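Chemist: Fold the following, please.
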Amino acid sequence: MSTTKRPPRARPETLRRRQEILDAAMTTFGSKGFNNGPLTEIAEQVNMTHAGILHHFGSKDQLLLEVLSHRDRTDVAEFDDQHIPGGVDLFRHLVRTAFLNAQRIGIVQAYAVLSAESVTDDHPARTYFEGRYQTLRGETAEAFELLCRERGMDVPETVAHASAAILAVMDGLQVQWLLDPTQVQLGEASAFAIEAIVAAVLSPQPSALGDPETWPAKPGHATPATTS
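Modeler: Down below sits the predicted model:
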């Protein structure tokens, strides 16, 4: 029989205060970024001291990671197992998430700012975002593979490109929407792109752009000479 003691369960008041801090941190990090978002500002929003924030989270870096984890939980809150579904349901979930994001600008803004910041080598969230994208690409590729098997078709090599493209389009549309929500319909544009990419994998058509040989040269290759 194991004698390992479970950690004490946090009191409701403590959980409530932690949630308030996470919400305030998401607002501050979303508007100012991690590096320029001071803990003092977060503390003021919840009527606490700088030391009080550290008491709950230990460090600013840890608070950031908790904010990102909180953001992830909101994306899968509708599922009993708290996990993204597979197959066609994954793509439907991505579309629903885009429409949901159009109603929660604070979460989207924080994610956009922090993901852009994370490309620097010393950013505390870099490992998180690297892992997040790797996981999402893998889950999206698995969903494509399941759809292909259900249709009795071989899995095309385009699955890897399509998986990365879906995530890129969703994140890119979020940035455009944040900059000018009157010109970009986040849910509708995301649904259009996701459906187009899924269709391109499952029902490939001749390229509308013409012969790839006529496209601009790839990096490292000279472009064909032109005459005036």
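Chemist: measure L15 to Q62 for me?
Modeler: L15 is 17 Å from Q62, where distance means CB to CB, to the nearest Å. Where you see a C-beta, it was placed from the backbone N, CA and C, and this is true even at glycine.
Chemist: One more: R17?
Modeler: R17 sits 16 Å away from Q62, going by CB to CB.
Chemist: and if you look at E157?
Modeler: Using CB to CB, E157 is found at 41 Å from Q62.
Chemist: now Q103
Modeler: Q103 is 29 Å from Q62, where distance means CB to CB.
Chemist: swap in H93?
Modeler: Here the criterion is CB to CB. By it, H93 lies 29 Å from Q62.
Chemist: now swap in G152 and tell me
Modeler: Distance from G152 to Q62, by CB to CB: 49 Å.
Chemist: go on, L173?
Modeler: Per CB to CB, L173 is found 31 Å from Q62.
Chemist: And these two? Which one has more around it.
Modeler: L173 (21 against 13; other CB atoms under 10 Å).
Chemist: just checking, what packs against the strand or helix carrying that one?
Modeler: Here L173 sits within helix 158-179, counting by DSSP states H and E. The contact analysis (3 or more CB pairs under 8 Å, 6 or more residues apart in numbering; DSSP states H and E) places helix 158-179 against helix 88-101, helix 105-117, helix 126-150, helix 186-202.
Chemist: Which of those sits closest to A24?
Modeler: Smallest distance to A24 across the helices and strands packed on helix 158-179 (CB to CB): 10.5 Å, for helix 105-117.
Chemist: Now stretch 98-106: average pLDDT?
Modeler: Regarding stretch 98-106, the rounded mean pLDDT is 90.
Chemist: For the protein, which helix or strand comes out least confident on mean pLDDT?
Modeler: helix 60-75 (a mean of 83; mean pLDDT, DSSP states H and E).
Chemist: Tell me which other helices or strands that one touches.
Modeler: On the basis of 3+ CB pairs under 8 Å, 6+ apart, helix 60-75 makes packing contacts with helix 12-32, helix 39-45, helix 50-57, helix 105-117, helix 126-150.
Chemist: Buried residues of it, list them for me.
Modeler: K60, L63, L64, E66, V67, L68, H70, R71, D75 (16 or more other CB atoms under 10 Å).
Chemist: Surely the fifth one is in contact with G30?
Modeler: Translated: V67. No - look at V67 against G30 with CB atoms under 8 Å: they stay out of range, at 9.3 Å.
Chemist: quick one: the residue nearest to L167 when sequence neighbours are not counted and A164, what's the gap?
Modeler: Spatial nearest neighbour of L167, chain neighbours left out: L136 (5.7 Å); criterion: CB to CB, 6 or more residues apart in numbering. Taking CB to CB as the criterion, L136 is separated from A164 by 9 Å.
Chemist: Between those two, point out the one with more neighbours.
Modeler: Between L136 and A164, L136 has the larger neighbour count (other CB under 10 Å), namely 18 against 15.
Chemist: close enough to count as contact, the more buried one and M170?
Modeler: No - contact criterion CB under 8 Å: L136 and M170 do not qualify, at 9.7 Å.
Chemist: Please list all residues in contact with V184.
Modeler: Neighbouring residues of V184 by CB atoms under 8 Å, 6 or more residues apart in numbering: L173, Q176, W177.
Chemist: Between those residues, which sits nearest M48?
Modeler: Using CB to CB, these come closest to M48 at W177, 32.6 Å.
Chemist: outside of stretch 86-93, which residues touch it?
Modeler: Outside stretch 86-93, the residues that touch it by CB under 8 Å, 6+ apart are I84, P85, E139, T140, E142, A143, L146, L147, E150, I166, I194, V198.
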